[in-house]
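Q: need a 3D model of the following:
(2 chains)
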Amino acid sequence: MSPAEWLSDYTLQNVAIGAALLGLVSGVLGSFAVLRKQSLLGDTLSHAALPGICLGFIMSGGRHLGSLLAGALFTGALAALAMLWLTRMSRLKTDAALGITLSVFFAIGVVLLTHIQGSNNASQGGLDAFLFGQAAATLRSDLWIMAGVTAIAMLLVTALWKEFKLVSFDPQYAACIGMPVVLLEAVLTVMIALAVVVGLQMVGVVLMAAMIIAPAVAARQWTHRLEHMVILAALFGIFGGVCGAVISALGPGLATGPLIILSLSVVVIISLLLAPGRGFVWEILKLRSDRRALRHQKVLTTLYHVACQHEDRSYRFDQGMIDIYHGTNTRNALQRLADRDWVRLQTPPPGEPVSAPQWVLTDSGIDEAERLLRYPAEEAAS
Amino acid sequence: MTELLHEPDLALHVEDLTVSYHGKPVLWDIDLDVPPGVMAAIVGPNGAGKSTLIKSILGLVPSVAGHVTLHGLPYRKARRRVGYVPQRSSVDWDFPTTALDVVMMGLYGRLGWLRRPGSRERHQAREALTLVGMQEFAERQISQLSGGQQQRVFLARALVQQADVYFLDEPMAGVDATTERAIVEILRRLRDQGKTVIVVHHDLQTVRSYFDWMLILNVRVIAQGRVEDIYTAEHLRRAYGGQIALLDNVTDSTRVSDAATLESESLQ
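A: Down below sits the predicted model:
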């Protein structure tokens, strides 16, 4: 296929636009879910949608998307309520409540699904596509639903920006200044449920959680501002969606949903590793340089103490003696200290028993050592 | 105003407040009056319900019975006149936001729906940060602040509300000495402006040097009033039981010794 044919390919267009919309909405809403420590909410909601899809199928007697999604939304909301009720009314913590709700609803869903499959209903074909998603089946009419949900979500997040922010950061304070915290949390949850339901067709019940979590987690790595995090998460979501759609179009038999998730995972891994300040690699480098700095300071203060003991500011140290004192080779450390002009090498005057050059503290080195000894903790921290 | 003012002369008036958790009373029949213009400490042993008392006054914890008025108004109507500093550990400081942003949250209530904080709000928040000595940290991400600095940011968020009654939940817990001194200084200034400051305080040693009003709490009210009348060995023993040994020395030294000698006695 040439690029022009690619762009005009009807199915690919549908899938790419749908995936981009899904990435956008789940990136934005996922940011709030992740910050509110409800990453698994999306997972619970999507698993809980399965019984709803089956019920929708049974009630409408066929595979009508409207009734399937309505059913999914219904059981998803039911699960969210059950989860809230469990955390408020029992001593269960959120993670346990989410886990229990997820598995109970999913089990009911699987029972219903196998029941339908066993009933030999001719139109049941493809119902299990909701498990892993079937992006190619996306229709233009589905896109309108997705666009609608995305638009509502964007509108709400823009209009209620400061409310959502405060409820995510400090719900108690939000309640104290009179915000309807329960209502705001419910709005966020319902929006996530909507996003999950429209995403089911695309990425399926099992992988939908990653759609919510991955863009937000990746975005969090790169920024310290909520505004930027939400925008970045949206961009990552769109990127993952379009990438997955395009890659799956490259070869036959490549499932779009999992490819979207894999594309997002690459973004997450890169972010976790490389993001400045929070990335893994960055932290290791920082840790090593901190350790090295501490070791250098240790050597410097040792020299200072020994010089004090001898009451000789220009006391000369053998390399070997410093090594023995610290139990390691300190040549590098001393070299670094010399680079900063805190110590220098001095050739002993003629007639001394040793002829190898020896280390001597400089005046600025003594000042530095005295400063370190005054504020040891601060130096180690900075 | 159609509603009759109830004890309008008191900054805080609590009547028969009872709060329970899982069927057990956490606060029992609390009657409490705090006049305006004092700095009041709420002290009591762990689990005495100190934080719960503040939270139920602010409507964050449902109460079984009782009612609360602030300057004669129920909390719903007095919201604008109340500033709250929650415990520092109640939020996740890794949240992606800056110190200035957190302080601006104190203005959200006044802004109302759909309005975004603008340059005026930013200016007010900066002023509040300056009051707590944190102006240089305005753009700092909050996780990069020390515990004491985080506490000051929380205080600034309450200050920016320009309230009449301030509630602080253990503002001196786990902060450095400089911050503690700065916080006390700011609270005193508020009191001198005629505002009322109510603080959950964990450190008996400093109660007398910091506060002029106190409430000793252990599920019930043990005693309340001016610190010099209330800070007695008898009251503290009733609240703390045998938990602190220093109490026997308190009677002799109550009026003469300062916090420092009390501290040394408690160490023996």
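
Q: which parts of the strand or helix carrying A:L334 are buried?
A: Taking DSSP states H and E as the definition, A:L334 sits inside helix A:331-339. For helix A:331-339, a neighbour-count test (16 or more other C-beta atoms under 10 Å in any protein chain shown) marks A:333-334, A:336-337 as buried. C-beta coordinates here come from the backbone N, C-alpha and C atoms, glycine included.

Q: check which element follows that helix along the chain.
A: Downstream of helix A:331-339 (by DSSP H and E), the next one is strand A:343-346.

Q: quick check: the farthest pair among the buried residues of helix A:331-339?
A: A:L334 and A:R336 (7.3 Å; C-beta to C-beta).

Q: which positions in stretch A:362-372 come out as buried?
A: Those would be A:362, A:365-366, A:368-369, A:372, for stretch A:362-372 by 16+ other C-beta under 10 Å.

Q: which one is the residue in the stretch 201-350 of chain A positioned nearest to chain B nearest to, not counting chain neighbours?
A: The nearest approach of the stretch 201-350 of chain A to chain B comes at A:H224, 3.9 Å away (C-beta to the nearest C-beta). Ranked by C-beta to C-beta, 6 or more residues apart in numbering or on different chains and with sequence neighbours excluded, the top spatial neighbour of A:H224 is B:Q141, at 3.9 Å.

Q: swap in B:T98?
A: B:E139 (5.3 Å).

Q: count of neighbours near the one you found?
A: 11 (other C-beta atoms under 10 Å in any protein chain shown).

Q: that one: what secondary structure?
A: Counting by DSSP: H, G, I helix; E, B strand; the rest coil, the backbone at B:E139 sits in coil.

Q: residues contacting it?
A: B:98-100 (C-beta atoms under 8 Å, 6 or more residues apart in numbering or on different chains).

Q: weed out the non-buried ones from the residues you listed.
A: Of the contacts of B:E139, these count as buried by 16+ other C-beta under 10 Å: B:98-100.

Q: among these, name the ones in helices.
A: Secondary structure from DSSP state H places B:99-100 of the buried ones among the contacts of B:E139 in helices.

Q: nearest to chain A, out of the buried ones among the contacts of B:E139: which one, please.
A: B:T98 (7.1 Å).

Q: roughly how far apart are A:R344 and A:F317?
A: 11 Å (C-beta to C-beta, to the nearest Å).

Q: next one: B:Y231
A: 59 Å.

Q: domain parsing for chain A?
A: A:3-278, A:282-381 (automatic domain parsing).

Q: helix or strand for B:I42, which one?
A: If you go by DSSP H and E, B:I42 is part of strand B:39-43.

Q: swap in B:P36?
A: Assigned by DSSP H and E, B:P36 falls outside every helix and strand.

Q: who in the stretch 201-350 of chain A is up against chain B?
A: The interface of the stretch 201-350 of chain A toward chain B, taken as C-beta under 8 Å from any C-beta of the partner chain, is made up of A:220, A:223-226, A:228-229.

Q: of those residues, just the buried ones, ChimeraX syntax please.
A: With 16+ other C-beta under 10 Å as the criterion, this ChimeraX line picks the buried residues out of these:
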select /A:220,223,224,226,229
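
Q: out of the residues of the stretch 201-350 of chain A next to chain B, flag the one nearest to B:Q205.
A: A:H224 (38.3 Å).

Q: look up phi and psi at B:P25.
A: phi -70, psi 130 (degrees, to the nearest 10).

Q: burial count for it?
A: 14.

Q: measure it to B:K50 for me?
A: 15 Å.

Q: okay, and the spatially closest residue to A:G27 that is not a sequence neighbour sits in which element?
A: Spatial nearest neighbour of A:G27, chain neighbours left out: A:G237 (3.1 Å); criterion: C-beta to C-beta, 6+ apart. Assigned by DSSP H and E, A:G237 belongs to helix A:226-250.

Q: give me the helices and strands touching that helix, please.
A: helix A:10-35, helix A:181-222, helix A:256-274 (3 or more C-beta pairs under 8 Å, 6 or more residues apart in numbering or on different chains; DSSP states H and E).

Q: ok, which of the ones you listed comes nearest B:V175?
A: Closest among the helices and strands packed on helix A:226-250, using C-beta to C-beta: helix A:10-35, at 25.5 Å.

Q: what helices and strands are in contact with the helix or strand that the closest one is followed by?
A: Once the chain leaves helix A:10-35, the next helix or strand it forms, by DSSP H and E, is helix A:39-60. If you count contacts as 3+ C-beta pairs under 8 Å, 6+ apart, helix A:39-60 packs onto helix A:10-35, helix A:65-89, helix A:94-118, helix A:129-132, helix A:181-222.

Q: may I see the buried residues of helix A:39-60?
A: Residues A:39-58 are the ones in helix A:39-60 that count as buried (16+ other C-beta under 10 Å).

Q: quick check, the residue in chain B closest to chain A?
A: For chain B, C-beta to the nearest C-beta, closest residue to chain A: B:G109, 3.5 Å.

Q: show the pLDDT at the one residue in the stretch 151-300 of chain A that gets nearest to chain B.
A: Relative to chain B, the nearest point of the stretch 151-300 of chain A is A:I177 (3.5 Å; C-beta to the nearest C-beta). A:I177 is assigned a pLDDT of 90 by the prediction.

Q: what sits closest to it if chain neighbours are left out?
A: B:G109 (3.5 Å).

Q: might one say that that neighbour is in contact with B:R79?
A: Yes - if you go by C-beta atoms under 8 Å, B:G109 and B:R79 touch, sitting 6.7 Å apart.

Q: so what sits against both of those two?
A: Between them, B:G109 and B:R79 share these contacting residues under C-beta under 8 Å, 6+ apart: A:177-178.

Q: near chain B, which residues of the stretch 1-150 of chain A show up?
A: So far as C-beta under 8 Å from any C-beta goes, the stretch 1-150 of chain A lies against chain B at A:35, A:37.

Q: OK, now which residue of the stretch 1-150 of chain A is nearest to chain B?
A: Counting by C-beta to the nearest C-beta, the stretch 1-150 of chain A gets nearest to chain B through A:L35 (6.3 Å).

Q: that residue contacts B:F95, doesn't it?
A: Yes - assessed by C-beta under 8 Å, A:L35 is found in contact with B:F95 at 6.3 Å.

Q: overlap of the contact sets of these two?
A: In contact with both A:L35 and B:F95: A:168-169, A:226, using C-beta under 8 Å, 6+ apart.

Q: on that earlier part again, adding pLDDT, write the buried residues of helix A:331-339 out as TSV.
A: Conversion of these to TSV gives the following (pLDDT from 0 to 100):
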residue	pLDDT
A:A333	82
A:L334	82
A:R336	82
A:L337	83
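
Q: was I right about B:V153 contacting B:V102?
A: Yes - using C-beta under 8 Å, B:V153 is in contact with B:V102, at 5.3 Å.

Q: tell me the contacts of A:G178?
A: B:76, B:79, B:109.

Q: in a helix, that's where it is, yeah?
A: No - checked against three-state DSSP, A:G178 lies outside a helix; its state is coil.

Q: show the contacting residues for the residue nearest the centre of chain A.
A: The centroid of chain A falls nearest to A:V217 when counting by C-alpha atoms, centre = their mean (1.6 Å). A:V217 makes contact with A:34, A:39, A:268, A:271-272, according to C-beta under 8 Å, 6+ apart.

Q: and those residues as CSV, adding pLDDT?
A: Converted to CSV, those look like this (pLDDT from 0 to 100):
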residue, pLDDT
A:V34, 93
A:S39, 82
A:V268, 95
A:S271, 94
A:L272, 93
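
Q: ok, the residues of the stretch 201-350 of chain A next to chain B vs A:L92, which is closest?
A: Nearest to A:L92 among those, with distances taken as C-beta to C-beta, is A:R220, at 26.7 Å.

Q: much appreciated, bye for now.
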